[in-house]
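Novice: have a look; sequence and predicted model below, questions after that.
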Amino acid sequence: MDALWSAATCKLIGSGIDDMDFADKLSRAAGEHDVPTVSKSTSESGNSTSISTRQERVLPPDAVRALPKGKALLLATGIRPALLDLRPWYKEPGAAVLGAASARATADITKRAIAKTTDPGFGVAA
């Protein structure tokens with residue numbers, strides 16, 4: 001699985017990640033960003049304010065695990081990670097046509113699978 005994951009140049013991760021190690025791996029892949037930190041101090045000579053930056057993960061592992069349905073993390077070569085809002089196909093115009101095509105394809109696959117297990121001559125060249 002690691003070889004397949006490494007070879008993929010476009011990874012789309014949805015909700016349901018339950019493995020903490022994998023969530024941490026995804027979090028590291030999403031990267032880090034600079035977060036400004038303000039520090040204020042007061043002394044006899046007056047007030048002082050300084051701003052520094054620290055690195056923080058863009059998406060911590062717990063946020064990866066908490067991705068809600070309808071959201072996905074996109075990790076693709078050459079672009080920054082993106083959090084996507086998914087559009088369910090079944091709520092789009094043309095959903096009935098897609099649903100019917102899916103039902104036909106599923107029925108065809110089921111028919112071939114049954115034929116393969118019950119017909120000894122299935123797939124044998126004539």
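Specialist: Structure received.
Novice: just the pLDDT for the residue nearest to residue 81 when sequence neighbours are not counted.
Specialist: Here the nearest residue to residue 81 in space, its sequence neighbours aside, is residue 30; by C-beta to C-beta, 6 or more residues apart in numbering that works out to 4.3 Å. All C-beta spots, glycine's among them, are computed from the backbone N, C-alpha and C. Residue 30 carries a pLDDT score of 91 in this model.
Novice: so what pLDDT did the residue lying farthest from the centre of the chain get?
Specialist: Summary for the chain: using C-alpha atoms, centre = their mean, the residue whose C-alpha lies farthest from the chain's mean C-alpha position is residue 44, with a distance of 53.2 Å. pLDDT, the model's per-residue confidence, is 86 for residue 44.
Novice: what do you get for residue 88?
Specialist: 88.
Novice: what's the burial count for the closest residue to it other than its chain neighbours?
Specialist: Distances taken as C-beta to C-beta, 6+ apart place residue 70 nearest to residue 88, at 7.6 Å, with adjacent residues excluded. Residue 70: 12 surrounding residues under other C-beta atoms under 10 Å.
Novice: now do residue 58
Specialist: Per other C-beta under 10 Å, the neighbour tally for residue 58 reads 15.
Novice: roughly how far apart are it and residue 15?
Specialist: Residue 58 sits 18 Å away from residue 15 when distances are taken as C-beta to C-beta, to the nearest Å.
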